[in-house]
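Novice: Structural data only, the sequence is not supplied:
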């Protein structure tokens, strides 16, 4: 089992940037694919980005492609999400997730482990 803790959320103006972090503990971080998801009020959990265990392959939702960058530091057991050119529609609670799967997946149900979430609010 792996425990995940997100940090780095906050309030930012449209066009600004934030970097989210997700610290992992409990099992070998480098064995897990990792993903970022978000959930806005009244909406379902939405895929944002995912990264394979080595960090060599990534996948992004179309809505964030070119603005967000997912990365990981396996030596520090940490996952990152660099968010640039933020828009009000990016406002949501952001969650990191982990799974032992070998295949990148966008489905929340495919991830076994979740953090508690961090709020990102983008003002217009």
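Specialist: Thanks, I have the structure now. Since we're looking at a predicted model, the values are computed, not measured.
Novice: Sort out which residues of the helix or strand that contains residue 120 are buried, please.
Specialist: Counting by DSSP states H and E, the element that carries residue 120 is strand 118-123. Within strand 118-123, the residues that count as buried by 16 or more other C-beta atoms under 10 Å are 118, 120, 122. Bear in mind the C-beta positions are built from the backbone N, C-alpha and C, glycine included.
Novice: Against residue 50, how distant is the most centrally placed residue in the chain?
Specialist: For the chain, residue 36 is the residue whose C-alpha lies nearest the centre (C-alpha atoms, centre = their mean; 2.2 Å). Look at residue 36 and residue 50: by C-beta to C-beta, to the nearest Å, they are 7 Å apart.
Novice: Between these two, which contacts overlap?
Specialist: residue 70 (C-beta atoms under 8 Å, 6 or more residues apart in numbering).
Novice: Show me where this protein has its strands.
Specialist: 3-7, 10-13, 18-25, 33-39, 46-51, 58-60, 68-73, 78-83, 92-99, 113-114, 118-123 (DSSP state E).
Novice: any chance of these in JSON lines, with mean pLDDT too?
Specialist: Output for these, formatted as JSON lines (pLDDT from 0 to 100):
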{"stretch": "strand 3-7", "mean pLDDT": "97"}
{"stretch": "strand 10-13", "mean pLDDT": "98"}
{"stretch": "strand 18-25", "mean pLDDT": "96"}
{"stretch": "strand 33-39", "mean pLDDT": "97"}
{"stretch": "strand 46-51", "mean pLDDT": "98"}
{"stretch": "strand 58-60", "mean pLDDT": "97"}
{"stretch": "strand 68-73", "mean pLDDT": "98"}
{"stretch": "strand 78-83", "mean pLDDT": "98"}
{"stretch": "strand 92-99", "mean pLDDT": "97"}
{"stretch": "strand 113-114", "mean pLDDT": "96"}
{"stretch": "strand 118-123", "mean pLDDT": "98"}
